[in-house]
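A.B. asks: got a sequence here, can you build the structure:
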Amino acid sequence: MTPATTQSTDARTWAVESRRWGRFYVNRLPEQLRLAAALADETTTNKLRPHFDTFLALLNAAPHAALAPLWLDLVDRLHPHPLRWGEWSAWLAILQQAGLKAAALGRPAQQAEYLAYTAGLLLNTGRLEAALAAAQRALALARPSGAAWPLCVAGSAAAATLRAMAHYEDAQALIDELRDELTLLEPARPPARAAMAAALLDLEQMDLLRHFARPEEAMALGETLINNLSAVTDIDLHDLATAYVRRATITWAFDRYDQAADDLRRAADLYRQAGDGLQAAFAEGNLGVVYLSMSRYAEAKALKLAAMAAAEEVNARHVLVSELGDLSVIYIGLGQMEQAYEYADRMVRLAAELGNDAELARGRGNRAYTLLALERQEEARLDFEFSLNHYRQQGRVEGTLITTIDKVMYLRSIGQVEEAERVARENYAAALKLDYPKLHIVTGRCLALFLPPDEQRTLLEQTLALARAHGRLMDEAGCLFSLATMADNTVTRDACFRQAQALLAVMGCPQWLAGRSVDNPPLLPMMI
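C.D. replies: Predicted coordinates:
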């Protein structure tokens, strides 16, 4: 027998064996899918997580149309756990396949649900146009299906995306329409799902009320929402935790820092009880934002660094970009401008890679401040002009007001004092139209730089009282330093300076006093 003949025989044998084992494996797939679904149904989240790669391999090995019902059943039992484990990219591909399989089986409600989950994931990773397209397709399928849960999931995803794109009126109109439609449908089952279906719309409504500057209504809705979910037997602790995080955003926005901190601590505890240490770390990262607003920089820094490490560990770049932005602001508060610039610059580059325009605008605004502090005025101008254009086009008033302060400081630094004063006056007047005390404080401090002594003293004293009432230590110290420069006598001057100095020590940022004195106090940052 020649070697060539041997090779030919071996090849035929290999092909036969390959087909035989392939058929054997395919025949085993239905049972494997059933066993995997049972495992997913009966196993706790923490014990399930190590098996994700096995589940994923099984789902990818079972593309056959005949297996679609079993395939979808396994996905149903796994979702949303992979998202809570940080497996966003892999699970996005599964969700997209799930929508196609549900469509092939003639299940429009299920297809709508998976499209809505896809939209939510796209939104969370900053892909707004794709998210809106998926959410709108989900809504088109959910509405005629008569199923409450897919309708609420799709509607909340669409409203959230519209809100992220600054289409606030459209988002509100959609929420109003969905509420009317739900009155005609049977509630979702079981009761916990029915409660969460209503909560999905309430969460979006709460954020819209914040945008429309209706704080009391937003916070009242948040209270009702938490109470309703807490009262439901078998409520998903993860869902309840998310509601606490969303309410904390509202209470933080309206300067209720203690309540926001309590909500975020509660959310972190609930996430851990639900087996989601990753989201617990991110909730504590949000707590770092609250501490930042309270000028508790050391605590804010520690929490933000931990959240950044958690994001880097699972390559959650859409979370990382936000953490970098917050860290840049913390280092601004600490007076460490070189470090603040490095974090802001890294944020800008990552936001550009992700195509996240909102974070890009925020990052360039942060970077503009550091560049001004580092006396790199023209680079700063390019950054704050970019951010201002974005915020104005999006109708984002808070971003516009705070970034306009950068413009004022730029004009002041290049000697255009009259123009700087004009812009500062307009900015303060615009802030007073909104029910956001922190914006009144920072724009007031900015305007005070340009006023005659008597007007300056009056505005600073008003702003100081407001800063004290809302626990804004950095602004309180800033007002005191400014008042020290215009005191009528040395006793008052020294008292103001010492009070401000003591506040810097409390905040952990005494470096602001390096090279400074009572005759030459620092100009502290004006930020929200």
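A.B. asks: please parse the protein into its domains.
C.D. replies: As assigned by automatic domain parsing, the chain contains the domains 187-294, 420-528.
A.B. asks: please identify the deepest-packed of those domains.
C.D. replies: Among the domains of the chain, ranked by average contacts under mean count of other CB atoms under 10 Å, first place goes to domain 187-294 (a mean of 20). Backbone N, C-alpha and C define where each C-beta goes, glycine included.
A.B. asks: average pLDDT for that domain?
C.D. replies: Per-residue pLDDT over domain 187-294 has a mean of 92.
A.B. asks: make CSV from the domains of the chain and add distance to A37 to it.
C.D. replies: Supplementary listing: these in CSV, determined by distance: least, CB to CB, whole Å:
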stretch, distance to A37
domain 187-294, 19
domain 420-528, 48
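A.B. asks: quick one: which of those is nearest T403?
C.D. replies: Closest approach to T403 among the domains of the chain (CB to CB): domain 420-528, 9.8 Å.
A.B. asks: so R346 makes contact with E323?
C.D. replies: No: with contacts counted by CB atoms under 8 Å, R346 stays clear of E323, the gap being 10.4 Å.
A.B. asks: the two - which one has more neighbours?
C.D. replies: In this view R346 and E323 are compared by other CB atoms under 10 Å, and E323 has more residues nearby, 26 against 18.
A.B. asks: next SSE after the helix or strand hosting the more buried one?
C.D. replies: Per DSSP states H and E, E323 falls inside helix 317-333. Using DSSP H and E, the helix or strand that directly follows helix 317-333 along the chain is helix 337-354.
A.B. asks: on that earlier part again, E379 is nearest to which of the domains of the chain?
C.D. replies: Nearest of those (CB to CB): domain 420-528, 18.2 Å.
A.B. asks: quick one: mean pLDDT for that closest one?
C.D. replies: On average, domain 420-528 scores 94.
A.B. asks: and that domain, how far out from the chain's middle?
C.D. replies: In terms of CA atoms, centre = their mean, to the nearest Å, the centre of domain 420-528 is set 30 Å apart from its chain centre.
A.B. asks: ok, back up a step: the domains of the chain: which one's closest to S89?
C.D. replies: Going by CB to CB, the one of the domains of the chain nearest S89 is domain 187-294, 14.9 Å.
A.B. asks: and the end-to-end length of that closest one?
C.D. replies: End-to-end distance for domain 187-294: 42 Å, by CA to CA, to the nearest Å.
A.B. asks: hmm, A197 is touching P187, no?
C.D. replies: Yes: shown here, A197 and P187 form a contact pair, counting by CB under 8 Å, at 7.4 Å.
A.B. asks: list residues touching both of these two?
C.D. replies: A148 (CB atoms under 8 Å, 6 or more residues apart in numbering).
A.B. asks: now R364: how far from A431?
C.D. replies: 21 Å (CB to CB, to the nearest Å).
A.B. asks: sorry, wrong one. I was asking about A424.
C.D. replies: 11 Å.
A.B. asks: with R247 instead?
C.D. replies: R247 is 25 Å from A431, by CB to CB.
A.B. asks: over to V442?
C.D. replies: 8 Å.
A.B. asks: tell me the buried residues in stretch 412-421?
C.D. replies: In terms of neighbour count (16 or more other CB atoms under 10 Å), stretch 412-421 has its buried residues at R412, A420, E421.
A.B. asks: element containing the nearest residue to the second one once chain neighbours are set aside, please.
C.D. replies: In space, and not counting its chain neighbours, A420 is closest to L411: 3.7 Å by CB to CB, 6 or more residues apart in numbering. Taking DSSP H and E as the criterion, the element that holds L411 is helix 397-413.
A.B. asks: same deal with A505?
C.D. replies: helix 490-507.
A.B. asks: residue contacts, Q499?
C.D. replies: A477, L480.
A.B. asks: please disregard the earlier target; I meant G155.
C.D. replies: G155 neighbours (CB under 8 Å, 6+ apart): L139, A142, L174, I175, L178, L200, L201.
A.B. asks: among those residues, who's most crowded?
C.D. replies: A142 (27 neighbours).
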